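A.B. asks: structure, please.
(one chain, ligands or ions: 1)
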Amino acid sequence: AGNYETHEHDVIIIGAGGAGLRAAIEASSMGLNVGLVCKSLLGKAHTVMAEGGVAAALGNVEPKDNWKVHFRDTMKGGRYLNQWRMAQLHAMEAPDRVNELEEWGALFDRTADGRILQRNFGGHKYPRLAHVGDRTGLEMIRTLQQHGIHTGMKVYMECTVTRLLKAGDAVSGAFGYWRESGRFVVFRAKAIVLATGGIGRAFKINSNSWECTGDGQALAYLAGAELMDMEFMQFHPTGMVWPPSVRGTLITEGVRGEGGTLRNKDQKRIMFDYIHPLYANETAPTEEEADRWLALSTSGQMDKNVRRTPDLLPRDIVARAIHAEVKAGRGSPHGGVFLDIATRRTPADIKRKLPAMYHQFKELGDVDITKEPMEVGPTAHYTMGGIRVDSETQQSRVKGLFAAGECAAGMHGANRLGGNSLSDLLVFGRIAGLHAGRYAKEHANLPSLDAGEIQDAAQEALAPFNRHEGPNPFQLHEELKETMQTYVGIIRTEEDLSEGLRQLESLKERSRTIRIDGNRHYNSGWHETIDMRNLLIVSEAMARAALLRKESRGAHARDDFPETDKEHFAKVNIVSRLHGSTMEVAEIDLPPVPAEIKKVLEEE
Ligand code: FAD
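C.D. replies: Predicted structure coming up:
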């Protein structure tokens with residue numbers, strides 16, 4: 001294996017986004033020796049990009065809000081495929097986690113009487129998103145870091161983990177390399193929390209940072225854990241479509257929360273034509289009612305006879321509406337639709353409530369959003385699927401291996417509501433850190449490391465340097481993105497998915513022969529090659545699960561099975577696991593919902 005350094009910790013956390021930081025704070029506060037590893041610089045995790053806010057039923061703007069309403073909204077948004085217990089814990093604990101963040105110094109926007117202000121977002125019945133303008137993620141990371149730094153954790157930055165290590169059926173540590181020097185490093189630990197984020201980089205048009213390559217999902221899968229709900233990839237309805245260099249960059253749902261409307265090339269507001277039956281009772285059928293609702297809800301004077309605007313339907317519905325308008329030839333010049341805030345709010349309001357959006361369009365697109373509409377279209381954004389974990393503890397089926405945040409599955413079901421990720425990071429980051437900490441405390445000694453396993457991990461990492469010829473990893477990544485965009489995208493069919501899988505198989509073969517030049521010192525081709533292994537695993541899991549789920553539900557839309565199945569597929573989650581050297585996909589039953597929880601779901 002050559003030379004490598006070894007670091008020993010009770011718990012290591014892989015990933016320093018919201019979930020990883022919150023987990024690390026919890027485990028450290030138990031008096032444990034904690035290591036936090038991340039592949040970018042601390043403070044640069046993808047979470048800093050979060051814009052619109054964090055969902056929590058604080059009831060500051062609408063006193064009628066409480067955990068039950070939030071729980072109901074989340075389950076409905078997820079089309080009831082969520083693990084109910086996770087959705088319940090999330091709704092119950094989110095307010096405490098947000099208040100705690102404020103105690104730790106986060107400066108949220110405020111109501112007139114000085115409490116945390118909350119804004120409207122898709123699928124949330126009441127104004128619920130605590131926010132800091134449209135830069136909420138940045139404030140969250142700043143606060144968690146500042147607080148976490150004092151708990152004594154050790155941080156390893158620009159270090160990529162490529163393999164988890166095991167002792168029997170439990171984890172024993174992780175193998176990785178320093179991105180700068182290329183030198184190997186081994187972490188020996190009793191418990192591991194994966195908090196590595198999403199997989200948006202598998203798609204050509206996406207809103208994600210370069211880090212989002214499905215590493216944690218792939219690491220867990222290779223170590224024997226299961227992936228679940230991988231067919232559910234959220235396409236956010238509003239990504240930039242122009243100019244091409246920034247296509248996919250996110251426009252926060254907060255624009256619609258502040259009154260923005262979606263229009264087609266004829267200036268018609270499109271969403272009234274796409275009200276999903278599940279939401280028909282609570283959605284305004286006319287522009288007059290929709291606008292009245294907006295005015296009332298932002299002033300805290302809800303009237304139950306005035307219903308929500310369809311511009312704030314859940315993301316799966318809005319993304320498919322835009323897709324349909326463009327397909328019918330009613331799109332904007334660059335293949336999207338228009339998002340108009342200019343005629344809805346004053347320039348001063350827009351600059352105050354949506355400063356990042358204002359600058360983003362000014363700088364990247366030369367568009368002044370206080371005067372003109374934006375052009376928007378769907379962009380691959382968030383993975384509901386991920387590592388299957390126990391709802392109470394966040395532990396996977398591998399002992400000592402925990403997961404939290406976007407890389408874990410279960411909380412969001414078939415479709416995530418906006419704002420429910422930042423709250424997920426805080427709630428389940430804490431729970432994962434707590435249970436990883438308890439697990440570590442139950443084990444007096446550090447597990448032993450297996451030299452053969454370390455040797456294999458080193459050889460796997462070095463193999464591409466030893467080949468004489470082979471494809472270029474950047475080229476393969478472009479092909480992968482094209483394949484996923486075309487065949488495993490927003491609308492799916494059996495034929496497309498099968499073709500997608502065929503192409504993925506061929507990419508997998510070719511990726512095994514990648515050759516890279518140069519040495520290990522900051523070698524971007526090498527980083528890319530390692531990412532490709534992970535991207536191919538999560539892409540295959542997504543395509544296989546999508547092929548198996550013969551219905552349309554939430555973010556998963558099948559042209560050949562357009563209906564939502566009320567029987568079979570309403571009751572199963574799909575899991576992928578490694579079986580020998582191949583991927584096995586299987587259906588598992590949803591956990592039964594207890595009577596008292598059913599009652600909460602049925603109340604309205
Ligand atoms: P991340 O923040 O993605 O962090 C992952 C960490 O893992 C990083 O530190 C990375 O370096 C590390 N890592 C990854 N792989 C490895 C490896 N192999 N070895 C070592 N380290 C590794 N959600 C909301 O609720 N509200 C919003 O307003 C909102 N706005 C968003 C705006 C944008 C533009 C985007 C793209 C998403 C938004 N989301 C929002 C979603 C939300 O931001 C993400 O789901 C969430 O931040 C994910 O956090 P995380 O802690 O799971 O992972």
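A.B. asks: do I have it right that residue 255 meets residue 342?
C.D. replies: No. At 10.8 Å, residue 255 does not count as touching residue 342 under the criterion of C-beta atoms under 8 Å. (Each C-beta comes from the backbone N, C-alpha and C, glycine too.)
A.B. asks: phi, psi for residue 399 please.
C.D. replies: phi -60, psi 130 (degrees, to the nearest 10).
A.B. asks: list the contacts of it.
C.D. replies: Going by C-beta atoms under 8 Å, 6 or more residues apart in numbering, residue 399 touches 169-171, 439.
A.B. asks: same question, residue 161
C.D. replies: Residue 161 neighbours (C-beta under 8 Å, 6+ apart): 14, 37, 39, 174-176, 187, 215, 219.
A.B. asks: and it, which helix or strand is it part of?
C.D. replies: strand 159-167 (DSSP states H and E).
A.B. asks: so, in contact with the ligand or not, that strand?
C.D. replies: Yes. For strand 159-167, a contact with the ligand is found by C-beta under 6 Å from any ligand atom, at 160-161.
A.B. asks: show me what from the stretch 301-450 of the chain comes close to the ligand.
C.D. replies: Close to the ligand, as judged by C-beta under 6 Å from any ligand atom, the stretch 301-450 of the chain has residues 381-382, 405-407, 418-422, 425.
A.B. asks: try it again at 8 Å.
C.D. replies: Contact residues, the stretch 301-450 of the chain versus the ligand (C-beta under 8 Å from any ligand atom): 381-382, 404-407, 418-425, 429.
A.B. asks: which of those are buried?
C.D. replies: 381-382, 404-407, 418-425, 429 (16 or more other C-beta atoms under 10 Å).
A.B. asks: hmm, who's touching the host helix or strand of residue 73?
C.D. replies: Assigned by DSSP H and E, residue 73 falls within helix 67-77. Residues from elsewhere that reach helix 67-77 (C-beta under 8 Å, 6+ apart): 55-57, 82, 84, 87-88, 90-92, 94-95, 123-126, 128, 278, 314, 411-413, 415-417, 420, 554, 600-601, 603-604.
A.B. asks: can you check stretch 55-66 too?
C.D. replies: By C-beta under 8 Å, 6+ apart, stretch 55-66 touches 67, 69-70, 91, 94-95, 97-99, 111, 115-118, 121, 124-130, 297-298, 300, 302, 417-420, 422-423.
A.B. asks: apply 6 Å and report the result again.
C.D. replies: 67, 70, 94-95, 98, 111, 115-116, 118, 126-129, 300, 302, 419-420, 423 (C-beta atoms under 6 Å, 6 or more residues apart in numbering).
A.B. asks: what of stretch 242-259?
C.D. replies: Contacts to stretch 242-259, defined as C-beta under 6 Å, 6+ apart, come from residues 51-52, 119-122, 134, 205-207, 238-241, 294, 311-312, 334, 341, 344-345, 353, 364, 375-376, 379, 418.
A.B. asks: also stretch 17-29?
C.D. replies: By C-beta under 6 Å, 6+ apart, stretch 17-29 touches 11, 13, 34, 36, 45-47, 140, 144, 148, 151-153, 193, 195, 197, 404-405, 425-426, 429-430, 432-434, 436-437.
A.B. asks: among the contacts of stretch 55-66, name the buried ones.
C.D. replies: 67, 70, 94-95, 98, 116, 118, 126-129, 302, 419-420, 423.
A.B. asks: from those residues, which land in helices?
C.D. replies: Using DSSP state H, 67, 70, 94-95, 98, 420, 423 are the members of these that sit in helices.
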